[in-house]
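Enquirer: my questions are about this predicted structure, shown below with the sequence.
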Amino acid sequence: MTGTPLPDHPDFLWRNPDPKRSYEVVIVGGGGHGLATAYYLAKNHGITDIAVLEKGWLAGGNMARNTTIIRSNYLWDESSGIYEHSLKLWETLEEDLDYPILFSQRGVLNLAHTLQDIRDSRRRVHANQLNGIDAEWLEPDEVAKVCPIVNIDPDVRYPVLGATYQPRAGIAKHDYVAWGFARRADAYGIDLIQNCEVTGIDVTDGRVTGVRTTRGDIAAGKVALAGAGHTSVLAEMVGLRLPLQSHPLQALVSELLEPVHPTVVMSNAVHVYVSQAHKGELVMGAGIDSYNGYGQRGAFHIIERQMAAALELFPVFARAHMLRTWAGIVDTTPDASPIVGLTPVENLYLNCGWGTGGFKATPGVGWCYAHTVATGEPHPYNAPFALSRFVTGALVDEHGAAAVAH
Amino acid sequence: MSNAFRVDALGSVDRDKSLSFTFDGREYTGHPGDTLASALLANGVHHVATSIKYGRPRGIMTAGVEEPNALVQIEFPFPEPMLTATTVELYDGLVARGLSGQGRLSTRPDTARYDTVHAHCDVLVVGAGPAGLAAALTASRAGVRVVVVDELPSPGGSLPGTAPACEWVADVTDELSANSDVQLLRRTTAIGYYDDGLVLALEKRTDHLGAAAPAHVSRQRVWRIRARQVVFATGAYERPIAFDDNDRPGIMLAGSARTYLGRFGVLAGREVVVFTTNDSAYLAATELADAGARVRAVIDARSEVPAHWLDACAARGIEVRAGQAVSGTSGAERITGVRVGDEEIGCDLLLVSGGWNPAVALFSQARGTLRYDGVLGGFVPAGALDTVRTAGAARGVLGSAEVVSDGAEAALGALAALGKTAGEPVALPAVGDAPAGAPGAVLWQVPGSDDAQFVDLQRDQTVADVLRATGAGLTSVEHVKRYTTIGTAHDQGRTSGVLTSGIVAAALGVDIAELGTPRLRPPALPVAFAAFAGRNRGELFDPVRVTSLHRWHVEHGALFENVGQWKRPWYYPVGGETIEEAVLRECRAAREGVGMMDGSTLGKISVQGPDSGELLDRFYTNVMSSLKVGRVRYGVMCGVDGMVFDDGTVLRLAEEEFLVTTTTGNAAKVLDRMEEWLQTEWPDLRVRLTSVTEHWATIPLVGPRSRDVLALVAPTLDVSNAAFGFMTWQDTVVADVPARVARISFSGELAYEINVPAWYAHTVWEALYAAGGPFGITPYGTETMHVLRAEKAYPIIGQDTDGTITPQDLGMSWVVSGKKDEFVGRRSFDRAENRRADRKQLVGLLPVDERTLLPEGAQIIATETVPAPPVPMLGHITSSYRSDALGRTFALALLRGGTRRVGETLYVPLEGRTVAVTVTDPVLYDKEGTRRDG
Amino acid sequence: MTVDAPARFSPLADWQEAFGRLPAGFQVRELPFLTQLTLRVSADSPAAKAVESVLGIRLPSASRAELSEEVKALWLGPDEWLLVAPADTGAELVGRLRSAIGEEFATVTDVSAQRTVLSLRGGLTREILARGCALDLDPRVAPVGACYTTLLAQTGITLVVRAEAAASVWLLVRSSFAPYAAAWLVDAATEYGGGAG
Amino acid sequence: MQLIACPWCGEREEAEFHYGGQAHVPYPAKPADLDDEQWAQYVFFRDNPKGPFAERWMHAAGCRRWFDALRDTATHQFLSVHRMGEEPRA
């Protein structure tokens, strides 16, 4: 519920071990995906000789910078498959991790503002329902019942013509999620190694043998990349070129406010998505900055534009105050879908291109990526997201359904 | 007892006027020039808020934006959540209350205006304290353009309210004001440094006027100041010390008590204890004593206290205890005493100074690097940047005279960087600074009960919380911040950040210089959403684009559809018709009589030059270069991925001139794309592109009687089929207006597209409307257009396509030239995925029940009963309408292997049932094309 | 041929009254129906020289307008100018230019109704433009003859500095965006009184 | 809001510009001669370095010219801009 104090974190989270000389699996990237992958490698596949290498502090990249929306109402079967798998895991994750991750299934509204939005939205709802995903189409008055502060006045510039609604969707507390995975991974004996930047990847006879890091060389049977926005930089180390572009994505929070916003509202047409987090702050995301950038900061006019759009939708926000803005680096693909699977280098695995969808996928992709790394074969849920699709043309194009697929 | 703590002869509030205000339900008075905090203190009110986690009483700890405690909710004149009482200027009628953690948003609409202004200068000075004023005056005298922003209502900053200081400030301010190249912005706080010298600042223009604020003046203004050189003279924030129960009302930072006394004439307490690690608090001790307070003791953590401060205290009967510390406090609603060693000293005010933290947030945003200053116990700028420098306390320089010199010095640096020569040096104020003092001690914490020692008062986090975080294995301050939430509140950790780092460093046994502090993110001050939205609200939120016929549509009752930024007539209901009734009527008119619509939003690109045909051949999937002058051809463009990008007609106007039309939504994209390839890939082609979208108004005149109507208004035009055939165009005169008319049909009916310069659109439209009267001419909108074209299976790009559809998928292999080796996207047709026989293809769907209207977006399955999920889906419905011409409903769909399924019965699952549909060829009306010639 | 010319309406015909209520320091007027031609030609080419001899001016360089003759030339891009001439002279001017260009490669396109021209004058002009135009319009930076194609709030404009003393500028704005631009200008003047309507 | 130096118009705010991604990726002379892998490389694969990156930009709200830029993606700073077909200038 909104407005309650956050639960305390446990008294112990993880060790801070020095890296060993060699591991069975080295995961590059100590964000949500890397930590979840480590956890499921141990839990589902019994592999614990693992190091998770993080160049900064654990979960300090996109995991610390996202707006924590969790939903599975994607258009295409392939997408809804992996996101729904993830959502099902979210539903039991608190018990599984024994960590109060504050997963709150308060529902997500995706607003439609044009007649074409309505067509696209209803198409998605119909597809979701047939895929067993809870999805509804709501007329404007029903939108107002779910979220009374949404302005459904038909005379505004881009009136709300309806919305899709996924009741099981929601939000969670990002740090708690990451630390929950990290604590469990650490308890399995997995080494979480911070301030350890990978500077090279060793390949012998087409097969990965280890990584070079700022804390020494580490041999590895398998290397799993989970570097989000920095994946291109990592892949470049083995000469692997990927269809990725890294862009800044900005977000912001307000001060703590009495509960006003009971759900999550997303509007792709005007690039607003907003929820009210557990303590009462409004958490909002903006559109992606247009240019490639690793600077973890975006341009201010994006935020300005977003504030204007937010006030059109939520006039009550006028005197809420913007407390902090920040930016993450999202790695985007040509079809707005991720790449998860094998690479041309034996025993080197790839998980990237999540764009704005990474947080919600955390348990799902951790599960599937662990399967891929452990067995050397993609899990059925991530098989459609192979790198090869860009050659065959079998894209999973989520642009049409959601220009900004948060 | 009103204003019992007001001291005569000090401060600059206007005592001739009284202001009434209400706080927590009680009425008080204050004066113009007060803040809410100073007025409360003048009335002896210290307990103003309640802490978020433990519900402890909290007071007023500071006098500025760094305030962690005194959070208030404004209730009148308009509710505003979570402001600091220390920054709310008092006005008559203010109603506020203290907060416990959460603010409240108003449910009333905020009708205040907000705006944005761009400003440009050579030197921007942030802060009009002694350093800032000196910097501004130095820059001003060099003849450059200067902007100065300062958060207070009047310049002067931390300078004491003594006569010589005030005089200096007045002189400097007068000189700055007299220079038309200097802009001094009061009540204006810099909130962020962005790239290339852009500083955003928020000006509070009318907040201090309360309900008397004029409605036509913006309440707050965002300044976007683009400066070639920036000087941050942002001062420093005093640092608290962690000791037991350090959060009670009546515990205040020492410098803030000076501010209350000097600026507002308010004595924050009568029985005072001072706890310090440095010299600066002695100013507070002596000034408060001089103003009538009884200063019981100065507890100095240092073992050596400078002699002149000992003397000054002795002269005032103030006991100085060196080498001691305050270890705890007592009191409930207000502090009643402090514990020093075993001794309890009674007091109603405890002043604390743990040293000073330079205000480096903006410098840090400018990507300036910081270094730890061990003497100061804080982080200071490591050095100036090319275009950004800091001055005064913001870079750790303390002492008024030094600060003024440092400000001038910074401006000289900026001028040198600009290549400008300095003018006359700035005179120093005669502020009679105290003799040089001793360095401060760095003290984070006094040993005691960790769980009673507050580090972040706003988040109610204690030393124990910090130690729990480090004990959990956290070694990064960013992790500690997240574990404890320290520094994430309203004040962004201005008072808690460095203190936290100090405690973490001590706990982990690492160097604080290595550990650093959590990153400070913009904005430096919380800013109302509405201020950033500015005037981009309501009708100015996003431009509404209208055609030259817009007024006519409005006057004739059209309802409008948003298409991109355009407003297009959607349908024209008559006499209370529903959309369905109106569209059936409009369709019937176009099929049986004559209709007209406003097609002006179609994109129009003039393509000229000897290589125009070649350029078009490279873009369109069919051949355009072979088009004869006077003729029109339909074409499709694909992306490099082979997917349909846009479609439209191409007119060949002359041997070297074509007119390309695009869809409304893609007009700019098509032109941009053609320009991009022309400029970057094919600069050798001699072609020029010019948008003429808005020069021409376009009026399709549609239906079997369109020829009759046109003949009436274009008497010089031979409208016969022989003279004016399908897919040709002619220049003529329509309603006395020079016009270009084309025989183009997006409905299958006989139709003319009349193009006239937009100024004449209204005249020509009215002439057509009048001439068509006897034929029942009917204006129609986009909905009818969609139905008419769907009956003919003409796709709408973006509705019947979704970026995954090729021309072949649309059944338009005929538009893909077999003669050309190459056009953009052709290669993609040969990919494995494109060769699949079961690609989705455009088909018609006829519901077996002729009255059932299928919802657009519905999915198609193979079985009458819906199997358990996941259900295999064959495709979806892209367009679905009731057809007057067919006398039934119909739909278009993208269906897997669709062309081979013609004749099959498939099912559309809807809520709780399935609808049987027959797959058909998509062209459902006049397949033979007999109607296009009338 | 008819006796009366057909009626025509400029994009901001409905805005005269709102403009009339603006404060004295900010006068806005639409200059309707001016002839506007887009000239695309390589600078310094024989075709450009031919055009210059017809117009009696030099085509201005980047970010400049040539305002001295009856036909004004506004720089829009390195090979693109907008020629602004009195109303109803378009056909004749196009003819003269095209014949002067002859077989050389240059294009002249009548775009008279594509944009409309607003005349802004008065002491508040720069201050009001600064609410939506990010460019530095200080006379020392943007003197008479400066010509910028840029953004005003959310619409593209071409801004021409006509005179310094009376702070006079032209704003050229796309016809479909003209009502937005007008509404924006009138709203921007609100705090100076009048105009808010 | 960065300032970007249009090679024709001078410094303007970044909102006036349109990003065109990696520069110097020419359209293949004979796409039909490429295999699927090579064609995919052209259509979908672009460099994504952290550091200096040769890009194309267009001054969309100004002179509408495309130009080349060298920009550091780590800092977002422009290192140089130059007109199409011309050599980089600092």
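Expert: Okay, I see it. Numbering: from 1, shown residues only, chains lettered A, B, ... in the order given.
Enquirer: how about the helices in the stretch 151-300 of chain A?
Expert: Taking DSSP state H, counting those that start in this stretch, the helices of the stretch 151-300 of chain A run over residues A:174-187, A:231-236, A:300-313.
Enquirer: correct me, but B:S706 touches B:G593?
Expert: No: judged on CB atoms under 8 Å, B:S706 makes no contact with B:G593 at a distance of 9.0 Å. Glycine gets a C-beta too; all of them are placed from N, C-alpha and C.
Enquirer: when those two are compared, which one has more neighbours?
Expert: Taking neighbours as other CB atoms under 10 Å in any protein chain shown, B:S706 and B:G593 compare with B:S706 leading, 29 against 19.
Enquirer: quick one, what contacts the more buried one?
Expert: By CB atoms under 8 Å, 6 or more residues apart in numbering or on different chains, B:S706 lies in contact with B:V594, B:E749, B:L750, B:A751, B:Y752, B:G934.
Enquirer: make a markdown table out of the residues you listed and add pLDDT.
Expert: Converted to a markdown table, those look like this (pLDDT from 0 to 100):
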| residue | pLDDT |
| --- | --- |
| B:V594 | 98 |
| B:E749 | 97 |
| B:L750 | 98 |
| B:A751 | 98 |
| B:Y752 | 98 |
| B:G934 | 87 |
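Enquirer: of the residues you listed, just say which sits nearest to B:G665.
Expert: B:A751 (21.7 Å; CB to CB).
Enquirer: thought the closest one was touching B:V702?
Expert: Yes: contact criterion CB under 8 Å: B:A751 and B:V702 qualify, at 4.2 Å.
Enquirer: shared neighbours of those two, which are they?
Expert: In contact with both B:A751 and B:V702: B:S745, using CB under 8 Å, 6+ apart.
Enquirer: the residue in the stretch 151-300 of chain A positioned nearest to chain D and chain C, how far apart?
Expert: At 3.7 Å from chain D, A:S232 is the closest residue in the stretch 151-300 of chain A, using CB to the nearest CB. Counting by CB to the nearest CB, to the nearest Å, the separation of A:S232 from chain C is 32 Å.
Enquirer: assign the nearest residue to B:V848 once chain neighbours are set aside to helix, strand or coil.
Expert: Of all residues not flanking B:V848 in the chain, B:A916 sits nearest, at 4.2 Å (CB to CB, 6 or more residues apart in numbering or on different chains). Of the three states, B:A916 takes strand according to DSSP: H, G, I helix; E, B strand; the rest coil.
Enquirer: average pLDDT for stretch B:94-101, rounded please.
Expert: Mean per-residue pLDDT for stretch B:94-101: 94.
Enquirer: any idea how far that stretch is from the middle of the chain?
Expert: Taking CA atoms, centre = their mean, to the nearest Å, one finds the center of stretch B:94-101 at 27 Å from the center of the full chain.
Enquirer: kindly report the same for stretch B:253-269.
Expert: In terms of CA atoms, centre = their mean, the centre of stretch B:253-269 is found 37 Å from the chain centre.
Enquirer: what about it, average pLDDT?
Expert: 96.
Enquirer: again, but for stretch B:424-431
Expert: Stretch B:424-431 comes out at a mean pLDDT of 82.
Enquirer: swap in stretch B:108-127?
Expert: pLDDT averaged over stretch B:108-127 gives 97.
Enquirer: around chain D, which positions in chain B sit nearby?
Expert: Residues of chain B that fall close to chain D, judged by CB under 8 Å from any CB of the partner chain: B:194-196, B:198, B:224, B:226, B:367, B:640-641, B:672, B:675-677, B:679-681, B:683, B:821-822, B:824, B:826-828, B:830-832.
Enquirer: which among these are in contact with chain A?
Expert: Answer for the residues of chain B next to chain D near chain A (CB under 8 Å from any CB): B:Y194, B:D195, B:L198, B:D641, B:S828, B:R831, B:A832.
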